[in-house]
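Participant: Sequence and predicted structure, then a few things I'm wondering about:
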Amino acid sequence: MATSRKLERAFQIAMDAALKSSCTRSRCGAAIILNDIIIATGANITPDGAPPTCIKDISRNKKYSTDEHCCIHAEQVAIIRALRHRIDISGATLFFARLDREGNHIPAGELKCTTCSKLALFAGIKNWVLYMRAGTFGNDENTYMEFDAVEYNRISFLKVYSEAIENGGNNQHPHVKTKGIVK
Ligand SMILES: [Zn+2]
Ligand SMILES: [Zn+2]
């Protein structure tokens, strides 16, 4: 897919977006890019009017692991922003970046957010690109990986995938497939 320079640029945009995160628990950014055009960006934030907090225990919805606090995820913010502007994002790629407290780019966690994966799929996102921890999908080092949105959604629902991660990754897992490493 992208050349190194395009990839670098896409992640710079996603990381810049993450700097606007208002979440006290994690700093995430997303950039939606279609035909080399930046369509929308987002960070994890609380919507105007919502309780201005992301304390985990504030939500009653404890059984729903992806909705434990008041923030909207960066991916959702970017998708909804595009749609609010009536932009068709069919076929677009979503780049997701996570920062530590110091603003350094760190690998994305486990791909388990079914809320974002479903929304992205329904909104027409074609591919996801994330910076993944070494060993997650048989990658030797932390690396950028691309996923088809259908497969990404499937992975997010796979308990077996979570178990593979807990066991330190499994590079021969037959149930999980990526579109490979992106350079
Ligand atoms: Zn939060
Ligand atoms: Zn999410």
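Facilitator: Nice, I can see it. Numbering: from 1, shown residues only. Ligands and ions are numbered 1, 2, ... in the order given.
Participant: Ala82 is in what secondary structure piece?
Facilitator: helix 74-84 (DSSP states H and E).
Participant: just the angle between the longest helix belonging to the chain and helix 74-84, please?
Facilitator: As assigned by DSSP state H, the longest helix anywhere in the chain is helix 4-18. Put simply, helix 4-18 runs at 90 degrees to helix 74-84, going by axes from the mean of the first three to the mean of the last three C-alpha atoms, to 10 degrees.
Participant: Identify the residues contacting helix 4-18?
Facilitator: With C-beta atoms under 8 Å, 6 or more residues apart in numbering as the test, helix 4-18 has contacts from 2, 27-31, 33, 36, 38, 41-43, 74, 78, 93, 95-99, 103, 105, 129, 131, 144, 182-183. The C-beta positions use only the backbone N, C-alpha and C, and glycine is treated the same way.
Participant: Quick check: phi and psi on the most centrally placed residue in the chain?
Facilitator: With distances taken as C-alpha atoms, centre = their mean, the residue of the chain nearest its centroid is Phe96 (4.2 Å). For Phe96, the backbone dihedrals are phi -120, psi 130 (criterion: degrees, to the nearest 10).
Participant: Tell me how far Gly135 lies from ligand 1.
Facilitator: The gap separating Gly135 from ligand 1 is 28 Å, by C-beta to the ion, to the nearest Å.
Participant: ok, now Asp148?
Facilitator: 28 Å.
Participant: Specify the beta-bridge partners of that residue.
Facilitator: For Asp148, the beta-bridge partners under DSSP bridges are Asn127.
Participant: Please look at it and Lys179 and confirm they touch.
Facilitator: Yes - using C-beta atoms under 8 Å, Asp148 makes contact with Lys179 at a distance of 5.8 Å.
Participant: Now do the shared contacts for these two.
Facilitator: Residues touching both Asp148 and Lys179 (C-beta under 8 Å, 6+ apart): Asn127.
Participant: Against which helices or strands is the helix or strand following the longest helix of the chain packed?
Facilitator: Using DSSP H and E, the helix or strand that follows helix 4-18 in sequence is strand 27-34. On a contact count with 3 or more C-beta pairs under 8 Å, 6 or more residues apart in numbering; DSSP states H and E, strand 27-34 meets helix 4-18, strand 37-43, helix 74-84, strand 93-99.
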